[in-house]
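Asker: this is the structure alone, sequence omitted:
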């Protein structure tokens with residue numbers, strides 16, 4: 001299963017049609033969301049944060065490899081900021097599972113209904129955030145960084161890493 005989560009912890013896209021044995025990056029490459037982001041039809045200037053299992057691209061910004069980050073302070077700082085941003089995603093999944101206990105034991109659901117159940121839970125979870133339900137994702141301490149758009153053809157990860165150096 002892969003998902004796109006915004007900075008507020010809302011689920012914007014979920015794909016759970018593929019068996020768990022498929023790698024997330026393979027699922028992403030074949031997804032409608034990938035085609036939208038790669039074609040530039042998604043919100044201009046926004047990028048997705050992906051873990052190291054994804055390829056760095058125009059639409060997905062991944063952390064630098066450990067060896068590269070150890071040799072370059074900008075890259076190390078970028079990786080720290082990247083990890084902080086990904087915490088929102090992990091918190092969203094945790095809060096979704098806490099709110100809907102059925103997701104803790106998804107094996108109890110008939111396979112054809114799994115995707116519908118997960119998507120329904122995500123929709124209800126998003127509604128709970130919109131109405132300010134108490135046990136939704138806590139937003140205190142979450143920073144939404146505004147970065148200027150990179151120049152055309154600039155590699156987004158390098159551009160963002162340079163921006164972090166300038167803000168130090």
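Answerer: On my side now, so go ahead. Since we're looking at a predicted model, the values are computed, not measured. Numbers count the residues shown, from 1 in each chain.
Asker: which one's the longest helix in this structure?
Answerer: For the chain, the longest helix by residue count, based on DSSP state H, is helix 73-99.
Asker: which helices and strands sit right next to it?
Answerer: Identification of packing neighbours for helix 73-99 by 3 or more C-beta pairs under 8 Å, 6 or more residues apart in numbering; DSSP states H and E yields strand 2-5, strand 48-49, helix 66-71, helix 111-130, helix 156-166. Bear in mind the C-beta positions are built from the backbone N, C-alpha and C, glycine included.
Asker: hang on, residue 18 packs against residue 27?
Answerer: Yes: with contact defined as C-beta atoms under 8 Å, residue 18 counts as touching residue 27 (4.9 Å).
Asker: quick one: residue 10 and residue 129, what's the gap?
Answerer: To residue 129, residue 10 is 6 Å away according to C-beta to C-beta, to the nearest Å.
Asker: same question for residue 63.
Answerer: Residue 63 is 27 Å from residue 129, by C-beta to C-beta.
Asker: who has more neighbours, the two?
Answerer: Neighbour tally, residue 63 and residue 129, criterion other C-beta atoms under 10 Å: the higher count belongs to residue 63, 23 against 18.
Asker: can you classify the more buried one by secondary structure?
Answerer: The three-state assignment at residue 63 reads coil, by DSSP: H, G, I helix; E, B strand; the rest coil.
Asker: so who does it touch?
Answerer: 51-52, 69, 78-79, 82-83 (C-beta atoms under 8 Å, 6 or more residues apart in numbering).
Asker: for these, which one is nearest residue 109?
Answerer: Nearest to residue 109 among those: residue 51, at 26.3 Å, using C-beta to C-beta.
Asker: how near is the spatially closest residue to residue 40 that is not a sequence neighbour to residue 155?
Answerer: Nearest residue to residue 40, sequence neighbours excluded (C-beta to C-beta, 6 or more residues apart in numbering): residue 58, at 8.0 Å. The gap separating residue 58 from residue 155 is 9 Å, by C-beta to C-beta.
Asker: give me the buried entries from the contacts of residue 63.
Answerer: Buried members of the contacts of residue 63, counted by 16 or more other C-beta atoms under 10 Å: 69, 78-79, 82.
Asker: any low-confidence regions in the protein?
Answerer: Across the chain, the ranges flagged by pLDDT under 70 are 19-21, 134-154, 156, 159-160, 162-168.
Asker: cutoff 90 now
Answerer: Applying pLDDT under 90 to the chain flags the ranges 1-2, 15-47, 53, 55, 57-59, 104-115, 130-168.
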